[in-house]
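K.L.:
show me the folded form of this:
(one chain, ligands or ions: 3)
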Amino acid sequence: MRIYNPHKRILVTGGAGFLGSHLIDRLLADGNEVVCADNLFTGNKRNIAHLHGNPAFEFMRHDVTFPLYLEVDQIYNLACPASPIHYQHDPVQTTKTSVHGAINMLGLAKRLRCRIFQASTSEVYGDPSVHPQKEDYWGNVNPIGMRSCYDEGKRCAETLFFDYHRQHALDIKVARIFNTYGPRMHPNDGRVVSNFIVQALRNEPITIFGDGSQTRSFCYVDDLIDAFVRFMATPADFPGPVNLGNPHEFTILQLATRVIELTGSRSAIVRRPLPSDDPMQRQPDISLARERIGWSPRVQLDEGLGKTIAYFDELLKAG
Ligand code: NAD
Ligand code: UDP
Ligand code: UDP
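P.N.:
Ligands and ions are numbered 1, 2, ... in the order given. Just a heads-up that it's a prediction; the model follows:
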């Protein structure tokens, strides 16, 4: 029996990654204790280095495809590589991480009777035939393609979460996360925000795929983490799934132009062929999050880009 403590002891899987490390910062700032379980596949000790010596923080190198026995009050399950370059590196391991990882973390939550959060993704909608996507859209996913290990793994994890919820009355919170950016993104994972910023800071050509008229909507990481914590505090009768992201849309050409302006870069814009299956538009419908979580994003693109540029600037200078 743990001694009464108004704050919680919280497990964050994937806590050495981009989103996980920001979540840990927030949970610690709120006065909680945090255990981070991560196998450091795409995560980096640098993301949590500032927490060394903090008595409220504990790191354990652990792969979630293996069982984990410890005592906590809440679980955030974020462990999974997120960018195509990373999740296609070892697709079998990606599916195992989503599926076996979900089973193990759900088994842990079931034994502890504790609330558990799942980091799902807009990719469960696949190549959607309706825009924007609401949570009741079932998606259009190829089960045997290059992206399937990620998309189907995350879909199966959602199935497991809802079956543990129905079958074992487990208290679950499933969030479908849309494109997010900010400090601690991976510099080499091929995503548009990190690519453009790194190219601009090095005064190298900015690579626009296609004509740049395709649109995206990116959420700044602090806004997303705020949504996680608020969602986790909602009543148990709201398991989700809920879309979390920023509905503010802009074209890839606009993004390139703003990055050049904000960095004062001498980079030229160059065109590259548009990859196949590149969606023309992706935008979350967050009306459910607004209504049930009382959340909507606040950080404007320029402010978020400014902070992200400052991070990459330091990273590149450090070599
Ligand atoms: P990330 O790659 O930075 O972080 C993932 C973390 O999980 C890394 O630290 C990695 O080492 C760890 N990990 C991977 N496999 C593991 C395993 N088997 N056992 C233990 N740890 C393991 O990615 P991120 O952007 O921080 O994404 C975090 C979560 O959010 C992922 O589940 C991802 O699918 C989801 N998500 C992210 C985005 C986004 O825009 N960043 C969008 C949708 C969903
Ligand atoms: N599990 C775990 N930690 C726990 C309890 C369970 O990692 O504290 C894992 C264990 O490997 C198990 C899985 O979670 O296989 C699913 O647990 P559950 O109780 O749902 O199923 P069962 O043990 O009956 O297979
Ligand atoms: N993109 C681009 N140049 C790059 C990287 C990406 O023009 O160097 C485009 C890409 O074709 C897509 C958009 O930016 O239209 C977003 O790509 P990303 O891989 O970041 O995310 P996703 O396509 O999964 O939304």
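K.L.:
got the residues of the stretch 151-300 of the chain near ligand 1?
P.N.:
The stretch 151-300 of the chain comes close to ligand 1 at residues 177, 179, 180, as judged by Cβ under 6 Å from any ligand atom. Yep, even glycine has a C-beta here, placed from its N, CA and C like the rest.
K.L.:
buried subset of the residues you listed as a PyMOL selection?
P.N.:
Of these, the buried ones can be selected in PyMOL as follows, counting by 16 or more other Cβ atoms under 10 Å:
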select buried, resi 177+179+180
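K.L.:
filter the residues of the stretch 151-300 of the chain next to ligand 1 down to the ones close to ligand 3.
P.N.:
residue 179.
K.L.:
what does the stretch 1-150 of the chain have sitting close to ligand 2?
P.N.:
Residues of the stretch 1-150 of the chain lying near ligand 2 (Cβ under 6 Å from any ligand atom): 67, 68, 69, 103, 104, 107, 108, 110, 111.
K.L.:
which helix or strand contains the single nearest residue of the chain relative to ligand 2?
P.N.:
In the chain, the residue that lies nearest ligand 2 is residue 107 (1.9 Å; Cβ to the nearest ligand atom). Assigned by DSSP states H and E, residue 107 belongs to helix 91-112.
K.L.:
for that helix, buried residues please.
P.N.:
Quick answer for helix 91-112 (16+ other Cβ under 10 Å): 93-106, 108-109, 112.
K.L.:
before we move on, what about stretch 220-231?
P.N.:
220, 221, 222, 223, 224, 225, 226, 227, 228, 229, 231.
K.L.:
ok, stretch 263-281 next?
P.N.:
Neighbour-count burial for stretch 263-281 [16+ other Cβ under 10 Å]: 263, 265, 267.
K.L.:
repeat for stretch 111-119
P.N.:
112, 114, 115, 116, 117, 118, 119.
K.L.:
anything in the helix holding residue 107 near ligand 1?
P.N.:
Yes: counting by Cβ under 6 Å from any ligand atom, ligand 1 is contacted by helix 91-112 at 97, 101.
K.L.:
which neighbouring elements make contact with that helix?
P.N.:
Judged by 3 or more Cβ pairs under 8 Å, 6 or more residues apart in numbering; DSSP states H and E, helix 91-112 is in contact with strand 9-13, strand 74-77, strand 115-121, helix 148-168.
K.L.:
tell me the contacts of the residue of the chain closest to ligand 2?
P.N.:
residue 67 (Cβ atoms under 8 Å, 6 or more residues apart in numbering).
K.L.:
would you list the residues of the stretch 151-300 of the chain next to ligand 1 in TSV and tack on distance to residue 202?
P.N.:
Shown next, in TSV, are those (distance: Cβ to Cβ, whole Å):
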residue	distance to residue 202
177	29
179	23
180	24
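K.L.:
need the worst-confidence member of the residues of the stretch 151-300 of the chain next to ligand 1.
P.N.:
The member of those with the lowest pLDDT is residue 179, at 94.
K.L.:
am I right that that one is in contact with residue 218?
P.N.:
Yes: with contacts counted by Cβ atoms under 8 Å, residue 179 reaches residue 218, the gap being 5.0 Å.
K.L.:
residue 289 should be in a helix, yeah?
P.N.:
Yes: counting by DSSP: H, G, I helix; E, B strand; the rest coil, residue 289 is found in a helix.
K.L.:
run a quick neighbour tally on it.
P.N.:
24 (other Cβ atoms under 10 Å).
K.L.:
same check, this time on the one 5 residues further on
P.N.:
Other residues within reach of residue 294 by the criterion other Cβ under 10 Å amount to 9.
K.L.:
and the chain, which residues reach ligand 3?
P.N.:
179, 191-192, 195, 207-209, 214, 216, 252, 275, 278, 282.
K.L.:
was I right to think residue 86 contacts residue 189?
P.N.:
Yes: if you go by Cβ under 8 Å, residue 86 and residue 189 touch, sitting 6.2 Å apart.
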